[in-house]
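Asker: Dropping a prediction and its sequence here:
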Amino acid sequence: ADIDICGKIAESTVQHISMAFQLVNVMARRGRAAAHAHYRQLHQTTLRLAEAASAAKAKNVSYTIDSDGIATVVFDQQGSKVNTLSMDMSDEFQKVMTDLEANPQVRAAVLMSGKKDSFIAGADINMFTKCKTSQEMEAISKPAQDMFLKFASGKPKVAAIHGTCMGGGLELALACNYRIATDHPKTMLALPEVMLGILPGAGGTQRLPPLVGLQAALPMMLTGSNVRPSKAKKIKLVDQVADPNALHHAAVQAAKGLADGTLKVNREPKGMQKALRYVLEETEFGRNFVFKKAREQVMKQSKGNYPAPLKILDVVEHSAKVGFGTPSGYEAEYKGFAELGMTPESRACVSIYFGQTACKKNPFKASRTDEKVGVLGAGLMGAGIAEVTIAKAGKDAIMKDAKAEGLARGINQIYKNFDKKVKKRRMPSFERDTTMSKLTAVSDADGNWQTHFKDVDMIIEAVFEDIDLKHKVIKEYEAITPDHCVFATNTSAIPIGQLAAASKRPDKFVGMHYFSPVDKMPLLEIIRHEGTSDDTVARAYAMGLKQGKTPIIVKDVPGFYINRSLGPFMDEGMAMLLDGAKIKEVDNALTKWGFPVGPMTLIDEVGIDVANNVAKFLATDLGNRVGTADPTLLDAVLAKGWYGRKSGTGLHVFPKKGKKTVNAEMETMIEEVRKQRGKPSSGLLSEEDMQMRMVTRFVNETSLCLQDGIITDPTAGDIGAIFGIGFAPFRGGPFRFTDAYGVTKLVDQMYRYRDALGEQFEPCQLLKDYAKDNKKFHPE
């Protein structure tokens, strides 16, 4: 491509020289005036040649200038699927903009992307990881602020946004005079820095609040949530929404209007919105109220474990007082950015980003792309799998259930989820209907249902957890599907090898363990038995990625990785109840430590029957590591018909309206079992002890999984724990937590609990070895 461009430039240069000779001839034949006119034409050609040369030399940023003086600047980072504001990209961008500002021909500029579905995805996160001091972090933020301040002060600029516009990309767009976004599902705008434990550091805290108001700006910065084009237009984040095919034309017209002075941009709120914004943002009382409520909400949701949201509030509140865009406001931003960048919470969050990115790379090459998927079972899991298959993967799906009533419930579940998005304006109604059209639903009542499976590329089975039933299903569907068809089972605990025993194509048999609710939980465990081929793993992995999942490959053992690690964790929770702890105390202690829900609430959400079955299943393999609590307690609970949320009663009572409450009758049952056991309390029930008793058992089991090769590496273990059960993200996962806490300290703590509570706290050999050698799971 470079040779081709250079060839064209050389060709044009030859034409240029030829035109110079023409100028001499014109002067000789037609006089000085004609020669001057010809010279002006030659000068325009010279400018175009210089611009072509500049564009050819630029590696990541290029531009063209039209006859109306509107420059179109295109970001197209070489060797990357998305654009990021790396040092190279920023340097090129600054040079291009300096050239355009100095060029008298240029009246305004349009900024757009050369990528398919990405405007600018944000800053290059590798820059942050190289920083060892807050001063080095400041050296990233302050120059970026200065670059965008200089950029904003020049000629009019229009941001033409298609695809992801995140972080520094949105901060660049905010520095433009006008913003147009495409009305497309791939177009999303966000300031997600909080998810990395930092804050917007290139002027985002200074430009966003005065543009959209505190009520819209704070949620964007505090949660990092995506804003779709329709909402962005409503809150004045963008000025116009355009069809992707008309984006460039619309942006050029807007740039002309700004240059001519004919386009007047009015973003002032109107009516009640104007009055409300004045009261809440322009008065001291109103601002104090807004920030007070925001802090209360942050503390409620984060328990104070994340410093970034609180620092964002500090910076924005300070800037609101001194004035957004003032030197003091910008200083608060870059100092806050630098301070947060050095926190262990930020480092942990950044590690999650890189870990998730690593898990997005398929370790094997698939022999084919699977286009049609059969989903067996239309229950909660089956319907969820079908939903992500048609909505995120964009594949055709056949959902089959034995009974028509079950099938109807599954279809209704999927449609309702789409319809909620339509009502929230996150999905157009035509997209809902188009997506639903990819789903074919059949039951045993349909006489020719078998014909729908004759050309499927993959089966994902989600029927009841019964090995005989699953064996029957495997045989039945392998008989009617093509030889290349992969058969995946969504079992949560049954060993894949035992299920594959019924398969006539064991090399194409694999486990794909999804987590509930499927449309929200990102983790996918891919379990290979001894006979699973690399190609089958590759195809399952590829399908998971298409479905929006973060896959990890797990060895075929009872419970796989997540449920296996969760078993001892939940066992200790129940053991603490029998030791004298209260249900609410246990939940509060663990949510305060950083889990999204308490373990007692989790049992109710998963289902007491499911938890009990998994515990009994794991007991055959883990022994005393899941045998601490009284196994008869949950049997007695189930005998009462208490299954958790799905039955309305479990460890909690779930009313049809209102919040759940602790089941007092359940606590009475626990107390009776305690008395029958006649075992005094250990006394190890302080908040810290409750936290560490459960966490050390979880960490020990995850370490055993690494020791025994059940997971491939510590990164997969961290990502699996965070995305599978919500292990505190700010701690980076069980292995990063162990590194930060200190493996020697952790082992000593386990010895203390072992001596007081039993052998279930015996540290695994890997932890002992790491403690002895003072090693880290993540040595970087």
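Answerer: Here it is on my side, so go on.

Asker: how near is Ile411 to Ala393?
Answerer: To Ala393, Ile411 is 18 Å away according to Cβ to Cβ, to the nearest Å. All C-beta atoms are positioned from the backbone trio N, CA, C, and that covers glycine.

Asker: So for the two, which sits in the more crowded spot?
Answerer: Ala393 (21 against 18; other Cβ atoms under 10 Å).

Asker: Now the phi/psi pair for that one, please.
Answerer: The phi and psi values for Ala393, taken as degrees, to the nearest 10, are phi -80, psi -20.

Asker: my read: it touches Ala542, true?
Answerer: No: Ala393 lies out of contact with Ala542 (Cβ atoms under 8 Å); the separation is 9.5 Å.

Asker: which intervals of the stretch 101-250 of the chain have sub-threshold pLDDT?
Answerer: The model of the stretch 101-250 of the chain has no residue with pLDDT under 70.

Asker: Strands along that one, start to end?
Answerer: Secondary structure of the stretch 101-250 of the chain (DSSP state E, counting those that start in this stretch): strands at 108-113, 118-120, 157-161, 164-166, 178-182, 188-190, 240-242.

Asker: Point out the other helices and strands that the third one packs with.
Answerer: What that stands for is strand 157-161. Counting contacts by 3 or more Cβ pairs under 8 Å, 6 or more residues apart in numbering; DSSP states H and E, strand 157-161 is packed against strand 108-113, helix 168-174, strand 178-182, helix 247-260.

Asker: So what are the sheet partners of it and their directions?
Answerer: The pairing partners recorded for strand 157-161 under DSSP bridges are strand 108-113 (parallel), strand 178-182 (parallel).

Asker: Could you list the buried residues of it?
Answerer: Neighbour-count burial for strand 157-161, counted by 16 or more other Cβ atoms under 10 Å, picks out 157-161.

Asker: Show residues contacting that strand.
Answerer: 108-112, 119, 151, 165, 172-173, 175-182, 187, 189, 238, 247-248, 250-252, 254-255, 258 (Cβ atoms under 8 Å, 6 or more residues apart in numbering).

Asker: again with the first one
Answerer: For strand 108-113, the external contacting residues (Cβ under 8 Å, 6+ apart) are 63, 69-76, 83, 97, 100, 119-120, 155-163, 172-173, 176, 247-248, 251-252, 255-256, 258-259.

Asker: now the fifth one
Answerer: Judged by Cβ under 8 Å, 6+ apart, the contacts made with strand 178-182 from elsewhere in the structure are 156-163, 165, 173, 187, 189, 229, 232-233, 237-244, 247, 250-251, 254-255, 258, 263, 265.

Asker: Would you mind writing the CA trace of that strand as CSV?
Answerer: Presented in CSV, the C-alpha positions along strand 178-182 are these (Å, rounded to 0.1, in the frame of the first residue of the first chain):
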residue,chain,number,x,y,z
TYR,A,178,-20.0,19.6,17.7
ARG,A,179,-20.7,15.9,17.9
ILE,A,180,-22.6,13.5,15.7
ALA,A,181,-23.1,9.9,16.5
THR,A,182,-24.5,7.1,14.3
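
Asker: Okay, buried residues for that strand please.
Answerer: For strand 178-182, burial by neighbour count (16+ other Cβ under 10 Å) applies to 178-182.

Asker: So which of the buried residues of strand 157-161 is the closest to Leu767?
Answerer: Ile161 (49.0 Å; Cβ to Cβ).

Asker: how close does the closest one get to Gly257?
Answerer: In terms of Cβ to Cβ, Ile161 sits 18 Å off from Gly257.

Asker: what do you get for Leu578?
Answerer: Distance from Leu578 to Gly257, by Cβ to Cβ: 73 Å.

Asker: so which of the strands of the stretch 101-250 of the chain gets nearest Lys472?
Answerer: Smallest distance to Lys472 across the strands of the stretch 101-250 of the chain (Cβ to Cβ): 44.3 Å, for strand 188-190.

Asker: and the closest one, what does it pack onto?
Answerer: For strand 188-190, the elements it packs on are strand 164-166, helix 168-174, judged by 3+ Cβ pairs under 8 Å, 6+ apart.
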